[in-house]
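1. Predicted coordinates and the sequence they were generated for:
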Amino acid sequence: MAAESADWIESFLPVLCCPDTKQPLRWATPEECAKVGLPVDKPALAREDGSRVFPVQDGIPLLLPAE
């Protein structure tokens, strides 16, 4: 995935929130990605408290609620 495809997320990050808790989202750290089994070299978003990580696939954040 090209880095440019996720660039738009930066401008929308202030309004994105977790579908479960409504906490603000931020860029996930490589450590947070590794902890949940996501590739550390791919972008992902994390809940403000870091308890949930959402992958970004083809430039689209997969913000699905917990099952």
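-> Sure thing, it's come through.
2. pLDDT weak spots in the protein?
-> 1-4 (pLDDT under 70).
3. need the strands for it, in chain order.
-> Taking DSSP state E, the strands of the chain run over residues 25-27, 44-47, 53-57, 60-61.
4. List the strands paired with the second one, with their directions.
-> In the sheet containing strand 44-47, its partner strands are strand 25-27 (antiparallel), strand 53-57 (antiparallel), by DSSP bridges.
5. what's the closest of those to residue 42?
-> Residue 42 sits nearest to strand 53-57 of all those, at 6.9 Å, using CB to CB. In short, each C-beta sits where N, CA and C put it, glycine included.
6. centroid residue for this protein?
-> Here the mean C-alpha position of the chain is nearest to the C-alpha of residue 45 (CA atoms, centre = their mean), at a distance of 1.5 Å.
7. I'd guessed it sits against residue 23; true?
-> No. In this structure residue 45 lies outside contact range of residue 23 using CB atoms under 8 Å: 11.0 Å.
8. excluding its backbone neighbours, what's nearest residue 23?
-> Nearest residue to residue 23, sequence neighbours excluded (CB to CB, 6 or more residues apart in numbering): residue 48, at 4.4 Å.
9. Mean neighbour count, the strands of the chain: which tops it?
-> The highest mean neighbour count among the strands of the chain, using mean count of other CB atoms under 10 Å, belongs to strand 44-47: a mean of 22.
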